[in-house]
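Undergrad: just a sequence and a predicted model for now, questions to come.
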Amino acid sequence: MSAKNKPGSSMLWDEILKAIVDAMPEQLFPLFKELYGKEYPRGTLITLLATESSTYREHPDAPPGSRLSDIALLVNGTDYYHLECQMHNDRDMVIRMVAYDLHFAMQHTTSGEQNLDGLVMRFPRSAVIYPEKNNRIPDVLRCRIIFQDGSEHIYQIPTVRIQSYSLDEIQEKHLNLFLPYVLLRLRPQLNPERKFPLTKNELTAFVDKVMIILKDEVEQGYLTEQEYDDYVNLFRRAAENIFEKHPDFGREVDRMTKPMIELPSVLQKRLYAEIDSLNANKEALIADNEALTADNEALIADNETLTADNEALIADNETLTADNEALTADNETLTAELAQMKKLLAQYHIPVPV
């Protein structure tokens with residue numbers, strides 16, 4: 001088993017976030033609205049940025065190097081964002097975020113325009129996403145920065161505690177990117193020593209609610225069919241990780257997220273969509289065929305023109321050949337007459353002019 005799929009490993013949860021951002025970055029827009037009140041319409045330009053930065057030296061003897069932050073992007077050509085996915089409540093996380101954001105600002109937002117205060121460097125809008133429930137995680141991470149002139153600044157960034165959002169809140173705010181993580185809130189109930197461990201009925205009801213949310217988001221236009229499939233696949237990956245040692249629960253999630261029977265209404269809808277797609281392809285092929293036919297006719301016309309031109313050239317060549325033969329014959333006649341004349345002049349001892 002790979003490290004990222006082992007229970008307790010944070011790599012899978014990092015990769016889920018990165019997969020969502022890579023495949024459907026607009027799914028971050030509801031989160032930006034939730035954190036910063038920023039709204040963007042669908043189709044807004046999103047540019048994913050490089051995430052390499054200098055190493056935060058956690059140990060004084062550690063060699064210098066670099067590390068990758070999780071998510072960095074530019075929205076609408078003006079707004080910079082930096083997101084980190086963190087499984088545990090690390091007290092040094094705020095220091096790493098200062099280091100990340102400082103490097104980010106130096107790389108992407110330092111302005112070359114001089115004003116009375118010199119150069120301008122803007123930090124990105126940052127946040128730390130915590131997928132697992134932890135009551136010790138604060139609403140914001142803070143660090144008091146004291147500059148060499150004695151001035152102070154409180155650096156603070158919001159935290160996103162996914163498990164503090166109910167499924168209803170996730171649905172209401174369209175925070176679909178939280179859905180692959182929601183099964184994590186059931187993990188404490190997998191402990192058989194708990195007074196009320198997780199039951200199959202509880203799991204079934206929970207997964208059913210998640211699937212209803214995803215289908216409703218498709219119907220409302222917040223998700224495409226492809227994005228729906230992507231979320232279901234990520235949800236299944238999360239379930240494989242969480243329920244690795246609980247195969248009954250894993251099979252239940254698999255049953256509920258993998259359609260076994262296609263209802264007539266669903267089949268009809270899918271077939272109509274396929275027919276529309278085939279008709280569109282047919283019309284495109286007809287248009288392409290008509291274009292090819294027109295091109296072929298044009299080529300035939302060009303070929304006929306070239307053939308006529310070639311025949312005319314052949315006729316001209318035959319005429320020139322005949323003219324050349326006639327000239328050759330005339331030249332031979334003149335040469336013979338000139339020889340006869342020279343012979344007569346020699347016979348009568350008349351000098352031949354040179």
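TA: Now that the structure is in, tell me what you want to look at. Everything numeric in this text was worked out from a predicted model, so none of it was measured.

Undergrad: quick one: low-confidence parts of the stretch 201-350 of the chain?
TA: Along the stretch 201-350 of the chain, the parts satisfying pLDDT under 70 run over 259-267, 269-270.

Undergrad: what strand or helix carries Lys342?
TA: Using DSSP states H and E, Lys342 maps to helix 264-347.

Undergrad: for Pro158, same thing?
TA: With DSSP H and E as criterion, Pro158 is part of strand 152-161.

Undergrad: what's downstream of that strand, the next helix or strand?
TA: Criterion used, DSSP H and E; the element after strand 152-161 is helix 167-172.

Undergrad: and the contacts of whatever helix or strand comes next after that following helix?
TA: As assigned by DSSP H and E, the chain's next helix or strand after helix 167-172 is helix 200-220. Applying CB atoms under 8 Å, 6 or more residues apart in numbering, the external contacts of helix 200-220 come out as 167, 170-171, 174, 176, 179, 182-183, 186, 189, 223-225, 227-228, 231-232, 235, 248-249, 252-253, 256-257. All C-beta spots, glycine's among them, are computed from the backbone N, C-alpha and C.

Undergrad: go again with 7 Å.
TA: Residues from elsewhere that reach helix 200-220, judged by CB atoms under 7 Å, 6 or more residues apart in numbering: 167, 170-171, 174, 176, 179, 182, 186, 223, 225, 228, 231-232, 235, 248-249, 252-253, 256-257.

Undergrad: which of the residues you listed are buried?
TA: Using 16 or more other CB atoms under 10 Å as the burial test, those include 167, 170-171, 174, 176, 179, 182, 186, 223, 228, 231-232, 235, 249, 252-253, 256-257 as buried.

Undergrad: list the contacts of stretch 222-232.
TA: For stretch 222-232, the surrounding residues in contact (CB under 7 Å, 6+ apart) are 23-24, 174, 176, 179-180, 214, 217-218, 257.

Undergrad: let's have the residues you listed in CSV, adding distance to Gly43.
TA: Putting the contacts of stretch 222-232 into CSV (distance: CB to CB, whole Å) gives the following:
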residue, distance to Gly43
Ala23, 16
Met24, 13
His174, 16
Asn176, 18
Leu179, 23
Pro180, 24
Leu214, 22
Glu217, 18
Val218, 18
Thr257, 29
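
Undergrad: these: which two are farthest apart?
TA: The span of the contacts of stretch 222-232, defined through CB to CB, is set by His174 and Thr257 at 20.2 Å.

Undergrad: tell me how far Arg251 lies from Phe243.
TA: 9 Å (CB to CB, to the nearest Å).

Undergrad: neighbour count winner among the two?
TA: Phe243 (23 against 13; other CB atoms under 10 Å).

Undergrad: next one: phi and psi at that one?
TA: Dihedral angles of Phe243 (phi, psi; degrees, to the nearest 10) stand at phi -100, psi 30.

Undergrad: thought Glu252 was touching it, still the case?
TA: No: applying CB atoms under 7 Å as the test, Phe243 and Glu252 come out as separate, 8.6 Å apart.

Undergrad: mind listing what the nearest residue to Val94 once chain neighbours are set aside touches?
TA: Counting by CB to CB, 6 or more residues apart in numbering, Leu141 is the residue found nearest to Val94 once chain neighbours are left out, at 4.0 Å. By CB under 7 Å, 6+ apart, the residues touching Leu141 are 93-94, 97, 128, 156-157, 159.

Undergrad: how about Leu141, secondary structure?
TA: The three-state assignment at Leu141 reads strand, by DSSP: H, G, I helix; E, B strand; the rest coil.

Undergrad: repeat that for the one 3 residues further on.
TA: Per three-state DSSP, the local secondary structure of Arg144 is strand.

Undergrad: residues near the nearest residue to it once chain neighbours are set aside, how many?
TA: In space, and not counting its chain neighbours, Arg144 is closest to Ile154: 5.8 Å by CB to CB, 6+ apart. Other residues near Ile154 come to 9 when the count uses other CB under 10 Å.

Undergrad: my guess is Ile154 contacts Ile146, does it?
TA: No: Ile154 lies out of contact with Ile146 (CB under 7 Å); the separation is 10.5 Å.

Undergrad: and Thr307, how many neighbours does it have?
TA: Burial of Thr307 is recorded as 10 neighbouring residues (other CB under 10 Å).

Undergrad: oh sorry, the question was meant for Ala336
TA: Neighbours of Ala336 (other CB under 10 Å): 10.

Undergrad: do Ala322 as well
TA: Other residues near Ala322 number 10, with proximity taken as other CB under 10 Å.

Undergrad: one step back: off-centre distance for the strand holding Pro158?
TA: 30 Å (CA atoms, centre = their mean, to the nearest Å).

Undergrad: and that strand, average pLDDT?
TA: Mean pLDDT, computed over strand 152-161, is 95.

Undergrad: check contacts around Trp13.
TA: Contact analysis of Trp13 by CB under 7 Å, 6+ apart lists 85, 87, 131, 181.
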